[in-house]
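*Asks:* generate a structure from the sequence data that follows.
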Amino acid sequence: MSQTFSDADIEEEQKHFSNVIATFQQYAQYSLAANNRRRKDIYTLPQGDKELLDDLGYRQKLQEVDKAILVNAEFLKLIVANPEIFGHDLDFPKDADENRACRGTLHDHSHGDVHSHSHSHSHDHANVTPDLRGISKHQRKYKPTDFDMDKLRSTLKQFVRDWSQEGQEERETCYTPMKDALVAHFSDKPSPQSRQNIRVLVPGAGLGRLAYDVANLGFACQGNEFSHYMLLASYLILNRTDAIGQYTIYPYVHSFSNLPDREAMLRPVEIPDVLPSALPAGSSFSLVAGDFEEIYGTEYEEGDLEPQAGQWDAVLTCFFIDTAKNIINYLRIIHRILAPGGVWINVGPLLWHFENNTTNDPSIELDLEELKMLARKIGFVISDERTIDTTYTSNSRSMLGYVYKTAFWTATKA
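*Replies:* Here you go, the predicted structure:
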């Protein structure tokens, strides 16, 4: 899209991206310190209590958690290790592990690609490719907040959901009905080869599995993602992965609560469960990085490489629409970019991300019936409505689990 950014916009983008990289780089330091707090707490106890904990193997468990954190840290370093893939070589100080950062606006993956629904108010800005070499030394030494680290921990759990055998049941609870509805809508195209000209958009693509699966069905699929955490992580899994199970992570070591046993926290998860580069020859799979409204909501301008109106045959939104500040605009954009007879397939809750925000952002928060009424007024014909119970990036072995009663529907452009 033809967009103009002020110096202030670019500076803000550079600062934010630098902070995201710093969060990846300081994961080990932050997480080990959190675990070490538990050791310090042991020393506040009477000697008899210490001996009882030793009999339970509690200190040994803390050592095992340290080792798991270090394994995670090495994996996270890989994610921010190759800035040249985005055309930028970003200089960071040696005390930041000499890691480097990467950003981009459009990436074609092996055969042509790439929310976290962590329920935080994410204000990532992913439409500018920054050059961070001019950032001050003070900014380089950014100290990640608890909020930053929570987003990074959510990214690790998102890998489980999208790219592990363990996450298959959870993701397929959402993805399979969406894929089935997509195939059913284009039932006149029964083979993957016949679907190559059917264009499908997946906003809020996260780590890209749904978009990958759609492309694997033969559709020309484009994912769109806003979060730096998701964009950096998805590039590694989609473009720097050579084998099934190439990476091992420990996504559940950050909390000791609601655990039935040690294994529930310390079990490793291997990713990916499929080889992302193994799409059939001729597959079309791409990622556009940036804000959904800015990229797809701008009316045609002279010089645009790809005017969006009427250009998409299907839009698939999974745990996405509640990221809107103004849901009316989201629905208008989806309706406008769909071709006549195009289909919008949705699964998700209504956890409005900007409700009670502290940044003075507007937030329009509808209930489900209001949302469906709005969709009809905008021009959608809704069908196949049902509720799908599902978790989201949950620890399947935990004693506590949240279940969303998500709304599923297909809607055609009237």
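
*Asks:* so what touches the longest helix seen in the chain?
*Replies:* As assigned by DSSP state H, the longest helix anywhere in the chain is helix 58-79. Contacts of helix 58-79 with the rest of the structure, by CB atoms under 8 Å, 6 or more residues apart in numbering, involve 24-25, 27-28, 31-32, 35, 38-39, 42, 53, 97, 99, 152, 156, 232-233, 235-236, 240, 247-251, 253, 262, 265-266, 268. All C-beta atoms are positioned from the backbone trio N, CA, C, and that covers glycine.

*Asks:* check stretch 362-376 too.
*Replies:* With CB under 8 Å, 6+ apart as the test, stretch 362-376 has contacts from 321, 324-328, 331, 350, 352, 354-355, 357, 382, 385, 407, 409, 411.

*Asks:* tell me the mean pLDDT over that stretch?
*Replies:* Here stretch 362-376 scores 98 as its mean pLDDT.

*Asks:* sort out which residues of that stretch are buried, please.
*Replies:* Buried residues in stretch 362-376, counted by 16 or more other CB atoms under 10 Å: 364, 365, 366, 371, 372, 374, 375.

*Asks:* ok, now stretch 277-289?
*Replies:* Of all the residues in stretch 277-289, those buried under the rule 16+ other CB under 10 Å are 279, 283, 284, 285, 286, 287, 288, 289.

*Asks:* residues making contact with the helix or strand hosting residue 50?
*Replies:* In this structure, residue 50 sits in helix 47-56 according to DSSP states H and E. With contact meaning CB under 8 Å, 6+ apart, helix 47-56 is reached by 42, 43, 45, 59.

*Asks:* show me these that map onto helices.
*Replies:* Residues of the contacts of helix 47-56 located in helices (DSSP H): 42, 59.

*Asks:* re the thing from before, same list, the buried residues of stretch 277-289, but as CSV with secondary structure please.
*Replies:* Written out in CSV, the entries for those read as follows (DSSP: H, G, I helix; E, B strand; the rest coil):
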residue, secondary structure
279, coil
283, coil
284, coil
285, strand
286, strand
287, strand
288, strand
289, strand
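
*Asks:* ok, those vs residue 177, which is closest?
*Replies:* Among these, residue 285 lies closest to residue 177 (CB to CB), at 21.2 Å.

*Asks:* surely that closest one touches residue 211?
*Replies:* Yes - taking contact to mean CB atoms under 8 Å, the distance of 6.7 Å between residue 285 and residue 211 places them in contact.

*Asks:* report the contact partners of residue 262.
*Replies:* For residue 262, the contact set (CB under 8 Å, 6+ apart) comprises 61, 64.

*Asks:* for the chain, which spans come out with low pLDDT?
*Replies:* Where the chain drops to pLDDT under 70, the residues are 1-5, 82-140, 299-306.

*Asks:* would you map the strands across it?
*Replies:* Secondary structure of the chain (DSSP state E): strands located at 106-108, 199-203, 220-225, 247-249, 269-271, 285-289, 312-318, 338-348, 380-390, 404-413.

*Asks:* in a markdown table: the buried residues of stretch 277-289, plus distance to residue 224.
*Replies:* Rendered in a markdown table, the data for these read as follows (distance: CB to CB, whole Å):
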| residue | distance to residue 224 |
| --- | --- |
| 279 | 19 |
| 283 | 18 |
| 284 | 15 |
| 285 | 13 |
| 286 | 10 |
| 287 | 7 |
| 288 | 5 |
| 289 | 8 |
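
*Asks:* show me which of the contacts of stretch 362-376 are buried.
*Replies:* In these, burial by neighbour count holds for 321, 324, 327, 331, 350, 352, 354, 407, 409, 411, counting by 16+ other CB under 10 Å.

*Asks:* distance to residue 339 for those - can I get that in CSV?
*Replies:* Rendered in CSV, the data for these read as follows (distance: CB to CB, whole Å):
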residue, distance to residue 339
321, 20
324, 22
327, 22
331, 16
350, 27
352, 29
354, 30
407, 24
409, 19
411, 14
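
*Asks:* contacting residues for residue 28?
*Replies:* If you count contacts by CB under 8 Å, 6+ apart, then residue 28 has 69, 70, 72, 73 around it.

*Asks:* okay, the last one and residue 351: tell me how far apart.
*Replies:* Noted for residue 73: a distance of 30 Å to residue 351, by CB to CB, to the nearest Å.

*Asks:* phi first, then psi, for the residue nearest to residue 414 when sequence neighbours are not counted.
*Replies:* Computed as CB to CB, 6 or more residues apart in numbering, the closest residue to residue 414 that is not its neighbour in sequence is residue 379, at 4.7 Å. Summarising the backbone geometry of residue 379 under the convention degrees, to the nearest 10, its torsions are phi 130, psi 20.

*Asks:* more neighbours: which of residue 73 and residue 351?
*Replies:* The neighbour count for residue 73 versus residue 351, taken as other CB atoms under 10 Å, is higher for residue 73 (19 against 14).
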